[in-house]
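In: got a structure for you, letters missing:
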């Protein structure tokens, strides 16, 4: 897919992978609609990118807010070609018996329901236009349990299944559904994990993590025809063959 003039919606766009994805897609010629709860951070990013960027403060855990934000983005740019479900949180980091039910539920609201709300709101817009690409940022935690990450692992497993369900139901209607498991990325989330001191991931050094630009560039690559063989699947950025195809190594 040539990205010039295309509209890409990115959730969790105020920092980390989301912010770098905004920069990468804008450099490729796309219009980027940036969703996050941090309005000030979004405004700074819009000022950096310029007229190709449009910010909407949006809590993905609120279904009506997500639907309204997608409508604003569509009205502003005139299309909706790509949705990147990137928003996510790691807290609570706690063993099951110590977990706070409210905090556990809040993570589910963001990491699973937020993905569902985005997909549900984007589908009618994309299908009316003939199709689109929906990519959800996944994690190795979707497939492997980690101590004190019951909420996060469960949420990522659920989001991965949403990608498969979306492909099953809408793959024949022009919707390219994929997941991206980036591995450990040098973002604020890794600082929170490090501070917890729980499980092997917290023991990694900062230099062990890949830069956020790598998954951002991979997301762009996934929107092109070279990634068509992976539609309906999850790509793992730990895979050296994928890194080579994207041009990261």
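Out: Nice, I can see it. All values reported here derive from a predicted model rather than from experimental measurement. Numbers count the residues shown, from 1 in each chain.
In: need the contact list for the residue nearest the centre of the chain.
Out: Nearest to the mean C-alpha position of the chain, by CA atoms, centre = their mean, lies residue 86 at 1.8 Å. Shown in contact with residue 86 (CB atoms under 8 Å, 6 or more residues apart in numbering): 10, 11, 12, 13, 17, 18, 21, 137. Any C-beta I mention is one placed from the backbone N, CA and C, and that applies to glycine too.
In: and if we set it to 10 Å?
Out: For residue 86, the contacting residues are 9-13, 16-19, 21-22, 35-36, 60, 114-115, 118, 135-137, 180, 215-216, 219, by CB atoms under 10 Å, 6 or more residues apart in numbering.
In: ok, now how distant is it from residue 110?
Out: From residue 86 across to residue 110, the span is 11 Å (CB to CB, to the nearest Å).
In: Equivalent analysis for residue 152, please.
Out: 11 Å.
In: and what of residue 92?
Out: 12 Å.
In: More neighbours: which of those two?
Out: For residue 92 versus residue 110, neighbours defined as other CB atoms under 10 Å are more numerous around residue 92 (22 against 19).
In: number of nearby residues for the closest residue to that one other than its chain neighbours?
Out: Among residues not flanking residue 92 along the chain, residue 103 sits closest, at 4.1 Å (CB to CB, 6 or more residues apart in numbering). Residue 103 has 14 neighbouring residues, counting by other CB under 10 Å.
In: With residue 106 instead?
Out: 16.
In: just residue 30 next, same as before
Out: Neighbours around residue 30, by other CB under 10 Å: 25.
In: Mark which of the contacts of residue 86 are buried, thanks.
Out: 9-13, 16-19, 21-22, 35-36, 60, 114-115, 118, 135-137, 180, 215-216, 219 (16 or more other CB atoms under 10 Å).
In: Cross those residues against helices and list the overlap.
Out: Among the buried ones among the contacts of residue 86, the members falling in helices (DSSP state H) are 16, 17, 18, 19, 21, 22, 114, 115, 118, 215, 216, 219.
In: Tell me the one among those residues nearest to residue 240.
Out: residue 215 (15.2 Å; CB to CB).
In: Please name the residues that touch the closest one.
Out: 16-18, 20-21, 24, 86, 137, 180-183, 185, 187, 222, 235, 237, 246, 248.
In: One more: residue 173?
Out: 123, 126, 127, 130, 131, 132.
In: buried stuff in stretch 162-170?
Out: 162, 163, 166, 167, 170.
In: Identify the residues contacting the helix or strand hosting residue 106?
Out: Using DSSP states H and E, residue 106 falls within helix 101-108. With CB under 10 Å, 6+ apart as the test, helix 101-108 has contacts from 61, 88-94, 96, 99-100, 113-114, 150-152, 154-155, 158.
In: Give me the distance between the residue nearest to residue 92 and residue 36.
Out: For residue 103 relative to residue 36 (CB to CB), the value is 20 Å.
In: Helices of this structure, start to end?
Out: So, for the chain - with DSSP H - the helices run 16-27, 39-49, 63-77, 101-108, 114-128, 150-170, 188-196, 213-222, 240-246.
In: want to throw those into CSV with mean pLDDT and distance to residue 55?
Out: Output for the helices of the chain, formatted as CSV (pLDDT from 0 to 100; distance: least, CB to CB, whole Å):
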stretch, mean pLDDT, distance to residue 55
helix 16-27, 96, 10
helix 39-49, 94, 4
helix 63-77, 97, 10
helix 101-108, 97, 23
helix 114-128, 98, 16
helix 150-170, 97, 24
helix 188-196, 90, 19
helix 213-222, 96, 18
helix 240-246, 95, 27
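In: In CSV: those, plus distance to residue 231.
Out: Below are the helices of the chain laid out as CSV (distance: least, CB to CB, whole Å):
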stretch, distance to residue 231
helix 16-27, 19
helix 39-49, 28
helix 63-77, 22
helix 101-108, 27
helix 114-128, 14
helix 150-170, 7
helix 188-196, 27
helix 213-222, 9
helix 240-246, 15
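In: With respect to residue 203, which of those helices lies nearest?
Out: Of the helices of the chain, nearest to residue 203 by CB to CB is helix 188-196, at 8.4 Å.
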